[in-house]
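Q: Got a sequence here, can you model it:
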Amino acid sequence: MEQVEQVKKVVKDDFCTAPIKAEFVIEKQREVDLEHVSEADKRALEEDGESGHKSKKLKGQNKKRPPTVERAQPGQRLCHYMATGKPCPFSDCRFQHSIEEYLKIKPEDIGPECPTYKSFGFCSFGLSCRFAGSHSSLENPNQVDEKRQQENPKIDSLNTLPKDLQQQLRKRKYDFAKADEAHRAVRDYLKKVKDAENLHRAIGPLSDEDLVKLTPKEKKKVDFKGKLYLAPLTTVGNLPFRRICVEYGAEITCGEMAMCTQLLQAKPSEWALARRHPTEKIFGVQLAGAFGDTMARCAQLLSETCEVDFIDVNCGCPIDLVFQQGAGCALMNRANRLEEIIRSMSLSSTVPITVKVRAGVYGDKLTAHELIPKLATWGVDMIAVHGRTREQRYTKFADWDYIGQCASLCPDVSFYGNGDVLSYEDYYSCLESSKASGILLARGALIKPWIFTEIRERRHWDISATERLDLVRSYAHYGLEHWGSDTQGVETTRRFLLEWLSFLYRYVPVGLLERVPIKINQRPPFYRGRDDLETLLASPNCADWIKITEMFLGKPSEGFAFLPKHKANAYQ
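A: Model (predicted):
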């Protein structure tokens, strides 16, 4: 019996451990870094120490993580008008207007050269920029390099929230007549279906009397088949990251999940999730919601006021807060509500509607195949299936056999699969076995954004540590351009860069492996890289990730604290 258990352990270790060449494997004893541990875990570790018991290894995720740095009070931030040398038009402005006082508390410059000014010859943050020494002074706070501006004019991101639209939404003066009429027509039609004498009788195609129809030329067409699609990714799928993926070959991108009610309330933080960079050629916004009327209104709003190519309905989010509100995965168990949402949105929008679902909700119970044939008749233009249930999360492999079964149920609608693709072999193998139109790339793209290039060129790229660091540098520069180069913008960029580094460190260089490819769930033993930089980039310790951010964003602000998503990353 003991021998059988040993054999099982060897097989399991081989299955879960990445095959690193022996000369790079190192022995390492890890100790917890209390600076990156939650207060509750600190108390538990202290209690174990006092009782004389061996401290248990921290496992799982940190819930309700605090912000990395407290937001500065308005009085500590320089008025934007004053920072750029203009008089402030507001008599009740809350921000600092004394440049001398502000400069006394402003942190020192991060570096001698502002990335935004270097690229475009202009920085809109003036004296409040953390690289202000390269382009601003008390005499000339808003210096402009006209030659550089002409050579490389800055292209602003799209889908910002204009003030007039914000006021219309907040005062409830935006005209949603089209969405309301569509939702009303759908409700009436579904009531007729429910009241039909023979519920098993085919209803037939919808008539003009039942629903408000859009003529074909009013509906935008998007060819989804065979495209390299970067999946919508909450928190980490932000605009700077999507720009990097587009540079490596991503053809379809989608913004982070946005809550439809908060978009309708004109919350700037939610509208930021809909922003699009001009380099994103096919771009969609993903919506989460639980009611047909608000989702229809949001579909109308986005298609009328934003430059989007499609709107994706989130039926796969496993987060408890979203699920308990009846949105995300919960819609898979509410087919009638989902039909109302899809039909209403399809009639309210002038862009295609797509849907992303999971294989199921509970345990190993797969239910997507029951829903997919219905989705194909409700007016969706593309269906995507993640090959795991909500409760499985990442404890099991994605079920590509099941994804293939689902693909066969909607031959007339574009179908994408999703799950566990980390190499071009994975991509083409899953594509061939499932007969899907394409594959959404999620964690694989976070771990190695160059996967899009690998897929297109069908090769393993032994990317160097220097090239990977350049990738981090590009992200930092794009972040400063997107979130701003003042202190708040720098710390926001740092926070999201750290979130991405929590995935990027998982990449194992091709040159260190005994065989390729490895699977996405295989974790390497402790190893050293071929040089110090490669070793640093492979570190699972979040303290090292902070050191990496300091190369481009300087030292963190006073009071900065980062709690990693996974407790294991607090060990050094």
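Q: drop to CA atoms for contacts and neighbour counts, all remaining ones
A: Fine.
Q: Centre-most residue in the protein?
A: In the chain, the residue lying closest to the centroid (C-alpha atoms, centre = their mean) is residue 237, at 2.2 Å.
Q: residues in contact with that one?
A: Applying C-alpha atoms under 8 Å, 6 or more residues apart in numbering, one finds that residue 237 lies in contact with 255, 256.
Q: how close does it sit to residue 175?
A: Note on residue 237: its distance to residue 175, by C-alpha to C-alpha, to the nearest Å, is 31 Å.
Q: quick one: the residue nearest to the centre of the chain from residue 446, how far?
A: Counting by C-alpha to C-alpha, the gap from residue 237 to residue 446 is 9 Å.
Q: And for residue 528?
A: 22 Å.
Q: Name the residues of stretch 333-343 that are buried.
A: Neighbour-count burial for stretch 333-343, counted by 16 or more other C-alpha atoms under 10 Å, picks out 333, 338, 339, 340, 341, 342, 343.
Q: so the fourth one, which of the three states?
A: Applying DSSP: H, G, I helix; E, B strand; the rest coil to residue 340 yields a three-state assignment of helix.
Q: contacts for stretch 265-272?
A: 159, 160, 161, 166, 169, 170, 258, 259, 262, 263.
Q: Tell me which residues touch the last one, please.
A: Okay, so that is residue 263. By C-alpha under 8 Å, 6+ apart, the neighbours of residue 263 are 270, 271, 298.
Q: Which of those fall in helices?
A: In helices, defined here by DSSP state H, the members of those are 270, 271, 298.
Q: Looking at the residues you listed, which is nearest residue 379?
A: The shortest gap between residue 379 and any of these belongs to residue 298, at 16.9 Å (C-alpha to C-alpha).
Q: doesn't residue 260 make contact with that closest one?
A: Yes. Residue 298 is within contact range of residue 260, at 6.0 Å (criterion: C-alpha atoms under 8 Å).
Q: More neighbours: the two, which one.
A: A direct count of neighbours by other C-alpha atoms under 10 Å for residue 298 and residue 260 places residue 298 higher, at 26 against 23.
Q: Tell me where the model's unsure across the chain.
A: 1-15, 48-56, 197-217 (pLDDT under 70).
Q: rerun that using 50 as the cut-off
A: 1-14, 197-199, 206, 208, 213-217 (pLDDT under 50).
Q: ok so, going back, using a markdown table, lay out the contacts of residue 263 together with distance to residue 317.
A: Below are those laid out as a markdown table (distance: C-alpha to C-alpha, whole Å):
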| residue | distance to residue 317 |
| --- | --- |
| 270 | 17 |
| 271 | 19 |
| 298 | 19 |
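Q: Between those residues, which sits nearest residue 143?
A: Using C-alpha to C-alpha, these come closest to residue 143 at residue 271, 30.6 Å.
Q: burial of the closest one, as a residue count?
A: 19.
Q: again, but for residue 109
A: Residue 109: 18 neighbours (other C-alpha under 10 Å).
Q: now residue 420
A: There are 23 residues near residue 420, going by other C-alpha under 10 Å.
Q: now swap in residue 190 and tell me
A: Neighbours of residue 190 (other C-alpha under 10 Å): 15.
Q: how about it, phi and psi?
A: Here is the backbone geometry of residue 190 (degrees, to the nearest 10): phi -70, psi -30.
Q: Tell me how far it lies from residue 183.
A: From residue 190 to residue 183 the distance is 11 Å (C-alpha to C-alpha).
Q: List the residues that are in contact with both of those two.
A: Here residue 190 and residue 183 have residue 340 as joint contacts, going by C-alpha under 8 Å, 6+ apart.
Q: tell me the contacts of the nearest residue to residue 492 once chain neighbours are set aside?
A: Of all residues not flanking residue 492 in the chain, residue 483 sits nearest, at 6.9 Å (C-alpha to C-alpha, 6 or more residues apart in numbering). Residue 483 makes contacts with 489, 490, 492, 493, as judged by C-alpha under 8 Å, 6+ apart.
Q: No further questions, thank you.
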